[in-house]
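>>> Return atomic coordinates for the entry below.
(one chain, ligands or ions: 1)
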Amino acid sequence: MNHAVTPKGIPLKLSSDCPAEFSLYLTLSPRFHRLQAEHSAPPTRAAFGFKAVHRESPMADQMSSAAQAPSAILPTYARADVAFTRGEGCWLEATDGSRYLDFGAGIAVCCLGHSHPHLVDALIDQGRKLWHVSNLFRIPQAEELARRLVEASFADYVFFTNSGAEALEGAIKTARKYHAANGHPERFRLVTFEGAFHGRTLATIAAGGNPKYIEGFGPKVEGFDPVPFGDIEAVKAAITPQTAGVLVEPIQGEGGIRVPPASFLRALRTLCDEQGLLLVLDEVQSGMGRTGKLFAHELVGVTPDIVATAKGIGGGFPLGAFLTTREAGRGMVVGTHGTTYGGNPLATACGNAVLDVVLAPGFLEGVARKGLALKQSLAALQDAHPRIIAEIRGEGMMLGVRTHVPNTDFAIAARAQHMLVIPAGDNVVRLLPPLIADEEEFAEAIAKLGRACQQLEAGLAAKGNGPAS
Ligand SMILES: Cc1ncc(COP(=O)(O)O)c(C=O)c1O
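Model (predicted):
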């Protein structure tokens with residue numbers, strides 16, 4: 001059942017003369033304190049060439065900050081010394097009451113922003129009824145969400161998970177099982193790509209190929225053959241009688257918002273068809289409306305066999321999924337795969353609420369249009385600050401700013417302006433705003449990034465690297 005909501009999520013009848021994505025959303029608190037920049041710790045440098053196979057941990061780099069109070073959390077992250085107590089729309093409020101413009105959205109997760117009224121209502125409503133029953137029983141909320149995803153996509157079936165990595169695990173298993181069910185269990189290998197990121201489980205670190213995530217964790221999971229991203233001849237050369245398919249992000253996220261030419265994804269489809277291989281897409285970051293289409297592969301008119309997705313699908317509630325055609329999923333029969341939590345009533349009620357908004361008429365078109373406007377404003381910012389910004393790239397609201405200065409310096413300078421952006425590979429910072437962000441928030445973002453650029457230019461000048469602008 002689709003609900004009538006504005007893309008900001010307020011149940012409301014849509015008027016035809018008012019662009020839906022700029023509809024009423026008057027929840028911003030007047031309390032907005034600009035605090036002094038407090039982030040003075042030297043940033044960790046990350047130097048990633050576009051062709052670089054592997055990168056430093058972007059999050060770890062971003063988070064390097066001042067010495068912190070001890071914590072009982074296993075220290076696998078170097079966290080920024082800031083904590084948030086509440087969020088509204090595109091804004092987060094920190095423990096000291098100051099407000100941050102959140103253009104990271106929890107790494108592309110909070111697609112409806114924070115405390116979205118429709119999502120909050122769905123969570124509370126379902127939370128009062130039933131949270132969890134296990135997949136031993138039918139789950140109407142999950143069936144509804146699966147039906148809607150199938151209707152809106154290439155897929156015939158959906159399997160729900162709790163995370164992106166689990167969605168990838170399921171997608172990889174499905175591709176392998178397809179060939180086993182066809183009498184070719186030896187076809188288990190996937191061609192993968194340098195600069196990819198597919199998660200942190202043992203199979204997905206092997207698929208991603210970054211030694212930093214692989215080393216020290218025992219034998220690498222077999223079956224992944226990395227080639228340079230965008231190189232169709234290298235893909236052809238990597239195919240053997242053991243190849244099951246190709247696993248690729250249509251736009252590399254952690255790798256630095258690397259957008260391959262449309263011809264590359266189309267050539268992959270053709271190659272897979274010719275060789276009897278499955279085209280498996282990782283749309284964990286690029287999916288669920290982020291690029292202005294429900295899935296990024298729609299931008300280039302390529303139909304995959306299997307897609308893994310997560311992040312935005314739950315709008316902040318942990319949820320993932322893999323989608324498959326009937327044919328590609330033919331090996332996944334009763335008993336071949338399972339999950340305790342995946343697709344439980346609470347998670348899939350949230351997923352349905354997200355879809356209510358994302359599939360509302362005009363919403364995805366609005367993401368594409370607003371994303372283009374933001375990209376143009378960023379290009380103007382590049383013109384104004386050519387010593388800081390090298391390139392703007394991406395699709396929809398999945399945008400990357402490649403910088404001349406270390407990307408971590410840029411992220412820290414933005415944070416000093418109380419704006420959150422996320423470093424990635426290839427010396428890029430990602431702008432992944434909530435999809436409900438509007439022109440006013442874009443203007444605020446550009447103003448903040450402009451001040452961040454000025455601060456960085458002043459830093460260059462102080463080091464004797466030319467005038468401040
Ligand atoms: C493209 C891609 N695949 C997979 C993952 C892993 O998702 P998760 O962290 O939810 O396991 C991520 C997370 O950043 C991602 O960006």
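
>>> Quick check: residues of the chain near the ligand?
Proximity of the chain to the ligand (CB under 6 Å from any ligand atom) is limited to residues 107, 163-165, 168, 197-199, 249, 253-254, 282, 284-285, 310. Where C-beta positions appear, they are placed from N, C-alpha and C, glycine not excepted.

>>> Identify, from the residues you listed, the entry nearest to the ligand.
Closest approach between the residues of the chain next to the ligand and the ligand, by CB to the nearest ligand atom: residue 164, at 2.3 Å.

>>> pLDDT score assigned to that closest one?
Looking at residue 164, its pLDDT is 98.

>>> Residue 50 too?
Residue-level confidence at residue 50 comes out at 27, pLDDT.

>>> And the strands in the stretch 251-400 of the chain?
Assigned by DSSP state E, counting those that start in this stretch, the stretch 251-400 of the chain shows strands spanning 278-283, 306-309, 320-324, 389-395, 398-403.

>>> Need the mean per-residue confidence for the last one.
The pLDDT scores in strand 398-403 average 98.

>>> Over to the fourth one?
In this model, strand 389-395 carries a mean pLDDT of 98.

>>> elements contacting it?
Here strand 389-395 touches helix 363-384, strand 398-403, going by 3 or more CB pairs under 8 Å, 6 or more residues apart in numbering; DSSP states H and E.

>>> Dump the strands of the stretch 251-400 of the chain to TSV, plus mean neighbour count.
Below are the strands of the stretch 251-400 of the chain laid out as TSV (neighbours: other CB atoms under 10 Å):
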stretch	mean neighbour count
strand 278-283	28
strand 306-309	30
strand 320-324	30
strand 389-395	20
strand 398-403	26
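
>>> quick one, longest helix in this structure?
Within the chain, and with DSSP state H defining each element, the longest helix by residue count is helix 439-462.

>>> Just the angle for that helix relative to helix 363-384, thanks.
Computed by axes from the mean of the first three to the mean of the last three CA atoms, to 10 degrees, the angle separating helix 439-462 from helix 363-384 equals 30 degrees.

>>> What degree of burial does residue 145 show, as a neighbour count?
Using other CB atoms under 10 Å, residue 145 has 26 other residues around it.

>>> which of the residues in the host helix or strand of it are buried?
Residue 145 belongs to helix 140-151 when elements are defined using DSSP states H and E. For helix 140-151, burial by neighbour count (16 or more other CB atoms under 10 Å) applies to 141, 142, 144, 145, 146, 148, 149.

>>> Which residue does the stretch 351-469 of the chain have closest to the ligand?
residue 424 (9.4 Å).

>>> re earlier: report all helices and strands that the helix holding residue 145 contacts.
So helix 140-151, by 3+ CB pairs under 8 Å, 6+ apart, packs with strand 157-161, strand 320-324, helix 345-358.

>>> Comparing the ones you listed, which comes out most buried?
Mean neighbour count, computed with mean count of other CB atoms under 10 Å, is highest for strand 320-324 among the helices and strands packed on helix 140-151, reaching a mean of 30.

>>> which residues are contacting that one?
The contact list for strand 320-324 (CB atoms under 8 Å, 6 or more residues apart in numbering) reads 149-150, 153-164, 166-168, 170-171, 174, 284, 305-311, 313-314, 332, 342-343.

>>> can you do 6 Å?
Strand 320-324 has contacts (CB atoms under 6 Å, 6 or more residues apart in numbering) with 155, 157-161, 163-164, 166-167, 170-171, 174, 306-310.

>>> starting at the chain centroid, how far to it?
Centroid displacement of strand 320-324 relative to its chain, using CA atoms, centre = their mean, to the nearest Å, is 15 Å.

>>> Give me the sheet partners of it and which way each runs.
strand 157-161 (antiparallel), strand 306-309 (antiparallel) (DSSP bridges).

>>> Next, the buried residues of the helix or strand just after the longest one.
Going back to what we said before, that points to strand 157-161. Using DSSP H and E, the next helix or strand after strand 157-161 towards the C-terminus is helix 164-181. Neighbour counts using 16+ other CB under 10 Å place 164-179 of helix 164-181 among the buried residues.

>>> which strands and helices sit next to helix 164-181?
Contact analysis of helix 164-181 by 3 or more CB pairs under 6 Å, 6 or more residues apart in numbering; DSSP states H and E lists helix 202-208, strand 243-248, strand 278-283, strand 306-309, strand 320-324 as its packing neighbours.

>>> Now tabulate these in a markdown table and tack on mean pLDDT.
As requested, the helices and strands packed on helix 164-181 are exported to a markdown table (pLDDT from 0 to 100):
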| stretch | mean pLDDT |
| --- | --- |
| helix 202-208 | 98 |
| strand 243-248 | 99 |
| strand 278-283 | 99 |
| strand 306-309 | 99 |
| strand 320-324 | 99 |
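
>>> among those, which is nearest residue 398?
Residue 398 lies closest to strand 278-283 among these, at 10.7 Å (CB to CB).

>>> Parallel or antiparallel, list what pairs with the closest one.
The pairing partners recorded for strand 278-283 under DSSP bridges are strand 243-248 (parallel), strand 306-309 (parallel).

>>> Tell me how far the longest one lies from the chain's centre.
Read that as strand 243-248. 21 Å.

>>> CA atoms only: put that strand into CSV for me.
Only the C-alpha atoms of strand 243-248 are listed here, as CSV (Å, rounded to 0.1, in the frame of the first residue of the first chain):
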residue,chain,number,x,y,z
THR,A,243,34.1,-18.1,-13.9
ALA,A,244,30.6,-17.7,-12.6
GLY,A,245,30.1,-14.0,-13.2
VAL,A,246,31.2,-10.4,-12.7
LEU,A,247,30.7,-8.5,-9.5
VAL,A,248,30.8,-4.7,-9.9
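
>>> Excluding its own residues, what touches that strand? List them.
Here strand 243-248 makes contact (CB under 6 Å, 6+ apart) with 175-176, 179, 187-193, 268, 277-280.

>>> In stretch 116-124, which residues are buried?
For stretch 116-124, using 16+ other CB under 10 Å, the buried residues are 116, 117, 118, 119, 120, 122, 123.

>>> residues contacting the fourth one?
Translated: residue 119. So residue 119 contacts 112, 315, 353 (CB under 6 Å, 6+ apart).

>>> any idea of the mean pLDDT for the helix holding residue 145?
In this model, helix 140-151 has an average pLDDT of 98.

>>> what about residue 76, how many residues close to it?
Residue 76 has 10 nearby residues by other CB under 10 Å.

>>> quick one, phi psi at it?
Dihedral angles of residue 76 (phi, psi; degrees, to the nearest 10) stand at phi -90, psi -10.

>>> residues in contact with residue 130?
With CB under 6 Å, 6+ apart, residue 130 has these contacts: residue 345.

>>> Identify the residue spatially nearest to residue 292, adjacent ones excluded.
residue 368 (2.9 Å; CB to CB, 6 or more residues apart in numbering).

>>> number of nearby residues for that neighbour?
So residue 368, with other CB under 10 Å, has 17 neighbours.

>>> From residue 299, how far off is it?
Between residue 368 and residue 299 the computed distance is 9 Å (CB to CB, to the nearest Å).
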